[in-house]
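Student: Here is my input, please return the structure:
(one chain, ligands or ions: 1)
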Amino acid sequence: MNHRTAPPRRRAAWVAGAVAVATALAGGVAMSTSAQAAGDTLQEAAADQGRYFGTAIAGYKLQESAYETIANREFDMITAENEMKLDATEPQQGQFNFSAGDQIANWATQNGKRLRGHTLAWHSQQPGWMQNMEGSQLRQAMLNHVTEVASHYRGQIYAWDVVNEAFADGGTGARRDSNLQRTGNDWIEAAFRAARAADPNAKLCYNDYNIDNWSWAKTQAAYNLVRDFKERGVPIDCIGLQSHFNSGSPYPSNYRTTLQSFADLGVDVQITELDIEGSGQQQADTYRKVVEDCLAVSRCEGITVWGVRDSDSWRSQGTPLLFDGNGNKKEAYHAVLDALNGGTSTPDPTEDPTEDPTEDPTFPAGDCSADLRIVNSWQGGYQGEVAVTAGSSAISGWSVALSGGISVSQVWNGTLSGSTVSNVSWNGNLGAGQSTSFGFIGNGSPPSAGSLACGS
Ligand code: XIL
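Tutor: I've put the predicted structure just below:
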């Protein structure tokens, strides 16, 4: 089982103390007298803790150098966001297509990264032919799919999400109804057995969302599945917690209990699709807690975030990732890096927040109008969207005053200065009557929707 315990890559250890330095210098090794070095990237900092730090990759984006650069620099575990799913790999029954999956696998190999396989059996993203199947025909087709795909990638996959999302949401703890479930309750173990036979060296995970909160029925259902498999000797090596956090599924304060409880069943724990909607300090704090919880559980092997930049996210509106759309490191990134480094690294020096509480600027009326709507709100914050519309003449730039006690922690498609948001390079030119919009995350409770002062 050679893929199970790849040792973390170690960077040069830094040693404190004159004796150690002298010894090391005698050996010709460049040393520093500072304490243990902090990792400079997520993968380095995680490796120093014996963990991995991964991301989902969309294969077609690897052509984009800004994307590829961040992905390669920061992450050492790769999951194909869509390319190894059922519809991608078996578009016609019995005709397998691994070109998109292989592209990602090859990129990972060439860059020294490990791969998580996602996913062999799932009710969603099934090819059309499978969606229309039921019963023993479907069971057979599913097992054939597991066997063929796991065999194709044999030796390349660190861990497979063998079965994804098999439990229902809500308070019942029941299985999710699906064509796969209707083939019989034992479809999950059948899939795991087929996967083990096809790739004995890959770790086999059960993966799901909303299994983070220890007191939720769905969490208990997944826990009981793992316990049952371990008791009966059904092959299972790991639990994958997707951990998509937002106002409806918030980070739970008992998350660490959940991670530890699964680990205590004798499986590894992987956080497989982490994203946390929000922004600023609040988002950063939650990311930090997730990292701290993982580090506190020795069998929590690593964390994968579900995308590189906010703009790459499947929930881009919620800005849930570690890099903004321009590839800049967000506060959340620094919190994660710091937590991986044991909470000891110094944050980047930032400018003093010299926000002079200026008067709301007044603009000549008539050039443009700005209308605020509240997209979403949660305890302590909200997301606003402002539509900017040119008046009867074309304009080549605009500014909107966020008045009425709006306190903003993040703006996109606009530039914030004080309490004024101006256009970015590509949305300043508006023909007469034409509109564009920008978005922001506000602190506190949302103001009522309505118009704001706009000038050009
Ligand atoms: C998402 C992808 O991010 C999207 O690009 C795609 O359109 C839908 O699937 N749980 C999972 C992932 O296991 O496969 C999903 O990925 C997100 C939720």
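Student: Give me the neighbour count for the residue lying closest to G302 once chain neighbours are set aside.
Tutor: In space, and not counting its chain neighbours, G302 is closest to Y52: 3.5 Å by Cβ to Cβ, 6 or more residues apart in numbering. From N, CA and C alone the C-beta is placed, and that goes for glycine too. As a burial measure, Y52 scores 25 neighbours (other Cβ atoms under 10 Å).
Student: For Y52, give me its contacts.
Tutor: P8, Q43, A46, D76, M77, R114, E301, G302, I303 (Cβ atoms under 8 Å, 6 or more residues apart in numbering).
Student: Can you tell me the strand partners of whichever helix or strand the last one is part of and which way each runs?
Tutor: It refers to I303. Following DSSP states H and E, one finds I303 within strand 300-305. Within its sheet, strand 300-305 is paired with strand 52-57 (parallel), strand 268-276 (parallel), according to DSSP bridges.
Student: Can you lay out the ones you listed as JSON lines showing mean pLDDT and distance to the ligand?
Tutor: Shown next, in JSON lines, are the strands paired with strand 300-305 (pLDDT from 0 to 100; distance: least, Cβ to the nearest ligand atom, whole Å):
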{"stretch": "strand 52-57", "mean pLDDT": "98", "distance to the ligand": "7"}
{"stretch": "strand 268-276", "mean pLDDT": "98", "distance to the ligand": "6"}
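Student: Dump the ones you listed to a markdown table, plus distance to A370.
Tutor: Listed next are the strands paired with strand 300-305 as a markdown table, based on distance: least, Cβ to Cβ, whole Å:
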| stretch | distance to A370 |
| --- | --- |
| strand 52-57 | 36 |
| strand 268-276 | 29 |
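Student: So which of these is nearest S422?
Tutor: The closest of these to S422 is strand 268-276. By Cβ to Cβ, the value is 28.6 Å.
Student: buried stuff in the closest one?
Tutor: D268, V269, Q270, I271, T272, E273, L274, D275, I276 (16 or more other Cβ atoms under 10 Å).
Student: got the contact list for the nearest residue to the third one once chain neighbours are set aside?
Tutor: Spatially, and ignoring its direct neighbours in sequence, Q270 is nearest to G240 (5.1 Å; Cβ to Cβ, 6+ apart). The contact partners of G240, taken as Cβ under 8 Å, 6+ apart, are A159, D161, C205, Y206, N207, D208, Q270, I271, T272, E273.
Student: Now do the residue in the chain positioned nearest to the ligand, the pLDDT please.
Tutor: Nearest residue of the chain to the ligand: W314, at 3.4 Å (Cβ to the nearest ligand atom). For W314, the model assigns a pLDDT of 98.
Student: do S456 as well
Tutor: 87.
Student: thinking again about what came up before, report how many residues lie close to the residue of the chain closest to the ligand.
Tutor: When neighbours are counted by other Cβ under 10 Å, W314 registers 15.
Student: right, and the secondary structure at it would be what?
Tutor: Of the three states, W314 takes coil under DSSP: H, G, I helix; E, B strand; the rest coil.
Student: quick revisit: so after the strand holding I303, what's the next helix or strand?
Tutor: The helix or strand immediately downstream of strand 300-305 is helix 331-340, counting by DSSP H and E.
Student: Now that next one: average pLDDT?
Tutor: Averaged over helix 331-340, pLDDT sits at 98.
Student: quick one on the thing from earlier: looking at the contacts of Y52, state which has the most neighbours.
Tutor: For the contacts of Y52, the largest neighbour count, defined by other Cβ under 10 Å, is 30 neighbours, found at A46.
Student: quick one: what helix or strand has that residue in it?
Tutor: In the assignment (DSSP H and E), A46 maps to helix 42-48.
Student: With N106 instead?
Tutor: Using DSSP H and E, N106 maps to helix 99-110.
Student: For the residue nearest to S311 when sequence neighbours are not counted, give its distance to I70.
Tutor: Spatially, and ignoring its direct neighbours in sequence, S311 is nearest to G325 (3.8 Å; Cβ to Cβ, 6+ apart). Separation of G325 from I70 (Cβ to Cβ, to the nearest Å): 12 Å.
Student: now swap in G397 and tell me
Tutor: 30 Å.
Student: of these two, who's got more company?
Tutor: Just comparing G397 and I70: by other Cβ under 10 Å the higher neighbour count belongs to I70, 20 against 14.
Student: OK, contacts around that one?
Tutor: V308, R309, F323, G327.
Student: which phi and psi does it have?
Tutor: For I70, the backbone dihedrals (degrees, to the nearest 10) come out as phi -70, psi -40.
Student: Model confidence score at it, please.
Tutor: With respect to pLDDT, I70 has a value of 98.
Student: Please apply the same query to T362.
Tutor: pLDDT at T362 comes out at 54.
Student: just the angle between the host helix or strand of D161 and strand 268-276, please?
Tutor: Per DSSP H and E, D161 falls inside strand 159-164. Interaxial angle of strand 159-164 relative to strand 268-276 (axes from the mean of the first three to the mean of the last three Cα atoms, to 10 degrees): 70 degrees.
Student: Would you mark the buried spots in strand 159-164?
Tutor: For strand 159-164, by 16+ other Cβ under 10 Å, it's A159, W160, D161, V162, V163, N164.
Student: Also stretch 229-236?
Tutor: Result for stretch 229-236 [16+ other Cβ under 10 Å]: buried residues F229, V234, P235, I236.
Student: average pLDDT for that stretch?
Tutor: In this model, stretch 229-236 has an average pLDDT of 98.
Student: now swap in stretch 277-287 and tell me
Tutor: On average, the pLDDT along stretch 277-287 is 98.
Student: What are the buried residues along it?
Tutor: For stretch 277-287, the neighbour count (16+ other Cβ under 10 Å) marks E277, G278, S279, G280, Q282, Q283, A284, T286, Y287 as buried.
Student: So is that stretch next to the ligand?
Tutor: No - Stretch 277-287 lies out of reach of the ligand by Cβ under 6 Å from any ligand atom, never closer than 13.5 Å.
Student: before we move on, the earlier item: for the buried residues of strand 268-276, which one is nearest G442?
Tutor: Of all these, G442 sits closest to I276, with 17.6 Å by Cβ to Cβ.
Student: Can you tell me who that closest one pairs with across the strands?
Tutor: Going by DSSP bridges, I276 is paired in beta bridges with F245.
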